[in-house]
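Colleague: only geometry, no sequence info:
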Ligand code: SF4
């Protein structure tokens, strides 16, 4: 069964998660891709400190829509490839007190080390799950740097309900990606020798 | 069910179906995969979510995946049609389908980086024409996602690194290598389209064409049917699973497609189709449209 996570989430809640856990996230989180990560490293942003403490950042460039009253909503909201944020992610976790990154494809050793040290995790959303994920975004509360970075790269502040994801890197040094790669490699080598 | 329709409208409907409805053979394959995994496992639940997403997309008529992919049209046309008019109708349909949000704007100028905003541009959509003697029109459409396209590969055999020679066993090794290297990155489980022989271009074309086959069909050549089945089984022992989370389904099928080649070259070209395996067919005659998936 899925484990429920309510945001904000403290270190204890995050440390109780393990690779392979299926989670459903509810609460307020933000989106961020390359521009946001770069900005957060190059600046020490007051507003971001308040916003990011004990919450999650979702690697997602959404398709959005705005109604007559100026309210935004997410139309499609699948994950984007996370490895591009590898140079930044650990530092962003540390400086702003973030507890997780959500994306697809997994991340590298730097992020894994930061997860272990700080009590954070990497959550894998399912690629292509556009409709279900957009539906779990209940409200768009705010958007930052929309002008500067454009729609997919802006930092959207969203309220989600039962957003489904899978823990693939935990705070105990385990990475499902590395594990599956190693396991499949053994089998692969055997098949090639056959 | 046949409907009287303008050609352009029929093409818009073709795009809508491809984008918002996964074909029944793909849905059945995902269902079988879900049922073959242990209850409550990560793999099983992932498949269940994929199925639920596809069902929600179909009922709400919204794209199954936000990456609505590259538009690949295969057109067989009878003597009453002209290529130029068909091209114009397809481009107009792509624009209209983008306006109606069945498609995300997915045509980017490779020089300036600017998105055309309507899915048309230089070489976009891709259209392959084939002239037929009998009247009527058949348009097959495939939406090929970018993430899965990125994990495709082309091998030149012999390939000493993986020990692949110029025979069927060499082809087999290329396929296993490509599936291993793709891990979950192409939104596994994949359908593996394989072009064997040809030149670099026709070889990749052959790999794409093989992806028009039904997921669960059987190759009419018994030797190849056996090899396809064996390869599917072997790839599934890799344990990659849906999205690379681990599991017993890493590929849903392997489809082999041969071309004659020059003696000097032997290419094995691999196109990886993601779980959002989106295709549809339009049959059009005397202003009447029929759709198949
Ligand atoms: S690879 Fe396929 S399922 Fe994954 S994001 Fe791209 S189009 Fe969607």
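Modeller: Now that the structure is in, tell me what you want to look at. None of these values were measured; they are calculated from a predicted model. Numbers count the residues shown, from 1 in each chain, chains lettered A, B, ... in the order given.

Colleague: near chain B, anything from the lowest-mean-pLDDT helix or strand in chain A?
Modeller: Least confident helix or strand, chain A: strand A:63-66 with a mean of 84, by mean pLDDT, DSSP states H and E. Yes. Judged by CB under 8 Å from any CB of the partner chain, strand A:63-66 comes into contact with chain B at residue A:63. For glycine as for every other residue, the C-beta is placed from the backbone atoms N, C-alpha and C.

Colleague: go through that strand and flag the buried ones.
Modeller: A:63, A:64 (16 or more other CB atoms under 10 Å in any protein chain shown).

Colleague: that one - contacts with which helices or strands?
Modeller: strand A:72-76 (3 or more CB pairs under 8 Å, 6 or more residues apart in numbering or on different chains; DSSP states H and E).

Colleague: packing partners of the strand it packs on?
Modeller: Counting contacts by 3+ CB pairs under 8 Å, 6+ apart, strand A:72-76 packs against strand A:63-66, helix A:130-136, strand A:137-144, strand A:155-169.

Colleague: the last one: how far from the chain's middle?
Modeller: Remark: strand A:155-169 is offset 7 Å from the chain centroid, using CA atoms, centre = their mean, to the nearest Å.

Colleague: could you do stretch A:23-36 as well?
Modeller: On CA atoms, centre = their mean, the centre of stretch A:23-36 falls 5 Å from that of its chain.

Colleague: what are the boundaries of the helices in the stretch 151-293 of chain B?
Modeller: In the stretch 151-293 of chain B, the segments counted as helices under DSSP state H, counting those that start in this stretch are B:168-182, B:200-210, B:222-236.

Colleague: about what we covered before: could the helices and strands packed on strand A:72-76 go into CSV alongside distance to residue B:116?
Modeller: Below are those laid out as CSV (distance: least, CB to CB, whole Å):
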stretch, distance to residue B:116
strand A:63-66, 17
helix A:130-136, 22
strand A:137-144, 26
strand A:155-169, 25
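
Colleague: spit out the contact partners of the closest residue to the ligand within chain A.
Modeller: Closest contact between chain A and the ligand, by CB to the nearest ligand atom, is at residue A:128 (2.7 Å). Going by CB atoms under 8 Å, 6 or more residues apart in numbering or on different chains, residue A:128 touches A:78, B:50, B:53, B:64, B:65, B:67, B:145, B:187, B:274, B:275, B:276.

Colleague: could you count how many residues lie near the nearest residue to it once chain neighbours are set aside?
Modeller: Distance criterion CB to CB, 6 or more residues apart in numbering or on different chains; nearest residue to residue A:128, sequence neighbours excluded, is residue B:65 at 3.9 Å. By the criterion of other CB atoms under 10 Å in any protein chain shown, residue B:65 has 27 neighbours.

Colleague: ok, now which ones touch residue B:241?
Modeller: Residue B:241 neighbours (CB under 8 Å, 6+ apart): A:180, B:42, B:43, B:46, B:184, B:188, B:189, B:247, B:248, B:249, B:250.

Colleague: residues of chain A that sit close to the ligand?
Modeller: A:78, A:127, A:128 (CB under 6 Å from any ligand atom).

Colleague: how far away is the last one from residue A:104?
Modeller: Right, the one you point to is residue A:128. Residue A:128 is 9 Å from residue A:104, where distance means CB to CB, to the nearest Å.

Colleague: joint contacts of those two?
Modeller: residue A:78.

Colleague: columns distance to residue A:137 and neighbour count on top of the contacts of residue B:241, output as CSV?
Modeller: Converted to CSV, these look like this (distance: CB to CB, whole Å; neighbours: other CB atoms under 10 Å in any protein chain shown):
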residue, distance to residue A:137, neighbour count
A:180, 29, 23
B:42, 23, 24
B:43, 25, 22
B:46, 20, 29
B:184, 24, 29
B:188, 25, 28
B:189, 27, 32
B:247, 28, 26
B:248, 32, 17
B:249, 29, 24
B:250, 30, 29
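
Colleague: what's the closest of those to residue A:53?
Modeller: residue B:42 (29.6 Å; CB to CB).

Colleague: surely that closest one meets residue A:166?
Modeller: Yes. Contact criterion CB atoms under 8 Å: residue B:42 and residue A:166 qualify, at 5.9 Å.

Colleague: any common contacting residues for the two?
Modeller: Common neighbours of residue B:42 and residue A:166 (CB under 8 Å, 6+ apart) are A:20, A:22, B:245.

Colleague: got the contact list for the one residue in chain B that gets nearest to the ligand?
Modeller: Going by CB to the nearest ligand atom, the ligand is nearest to residue B:145 of chain B, at 2.2 Å. Neighbouring residues of residue B:145 by CB under 8 Å, 6+ apart: A:128, B:65, B:67, B:69, B:187, B:274, B:276.

Colleague: and residue A:27, how many neighbours?
Modeller: Count around residue A:27 with other CB under 10 Å applied: 17.

Colleague: just the one 3 residues further on next, same as before
Modeller: The number of residues packed around residue A:30, counting by other CB under 10 Å, is 23.

Colleague: just say helix, strand or coil for it.
Modeller: Secondary structure, DSSP: H, G, I helix; E, B strand; the rest coil: residue A:30 is strand.

Colleague: partners of it in the sheet?
Modeller: residue A:57, residue A:157 (DSSP bridges).

Colleague: distance-wise, check it relative to residue A:68.
Modeller: Taking CB to CB, one finds residue A:30 at 26 Å from residue A:68.

Colleague: and whichever helix or strand residue B:14 is part of, what does it pack onto?
Modeller: Using DSSP states H and E, residue B:14 falls within helix B:7-20. Applying 3+ CB pairs under 8 Å, 6+ apart, one finds that helix B:7-20 contacts helix B:42-60, helix B:83-99, strand B:137-144, strand B:278-285, strand B:288-292.

Colleague: and the contacts of that helix?
Modeller: B:3, B:5, B:57-58, B:60-64, B:68, B:71, B:89-90, B:92-94, B:96-97, B:100, B:102-103, B:137, B:139, B:141-143, B:278-282, B:284, B:289, B:291, B:293.

Colleague: right, and the helix or strand after that helix?
Modeller: Counting by DSSP H and E, what follows helix B:7-20 is helix B:24-36.

Colleague: which helices and strands sit right next to that next one?
Modeller: Using 3+ CB pairs under 8 Å, 6+ apart: helix B:24-36 touches helix B:42-60, strand B:251-258.

Colleague: count the neighbours of the residue of chain A found nearest chain B for me.
Modeller: Using CB to the nearest CB, the single residue of chain A nearest to chain B is residue A:76, 3.5 Å away. Other residues within reach of residue A:76, judged by other CB under 10 Å, total 23.

Colleague: show me what it bridges to in the sheet.
Modeller: Residues in beta-bridge contact with residue A:76 (DSSP bridges): residue A:63.

Colleague: I'd say it and residue A:60 touch.
Modeller: No. In this structure, residue A:76 is not within contact of residue A:60 by CB under 8 Å, at 9.5 Å.

Colleague: among the helices and strands packed on helix B:7-20, which is nearest residue A:26?
Modeller: Comparing those by CB to CB, helix B:42-60 comes nearest, at 16.9 Å.

Colleague: partners of the helix or strand following that closest one, with directions?
Modeller: Tracing the chain C-terminally past helix B:42-60 and defining elements by DSSP H and E, one meets strand B:70-77 next. Here strand B:70-77 has these sheet partners by DSSP bridges: strand B:126-131 (parallel), strand B:137-144 (antiparallel).

Colleague: export those strands to JSON lines and tack on distance to residue B:241?
Modeller: Output for these, formatted as JSON lines (distance: least, CB to CB, whole Å):
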{"stretch": "strand B:126-131", "distance to residue B:241": "31"}
{"stretch": "strand B:137-144", "distance to residue B:241": "22"}
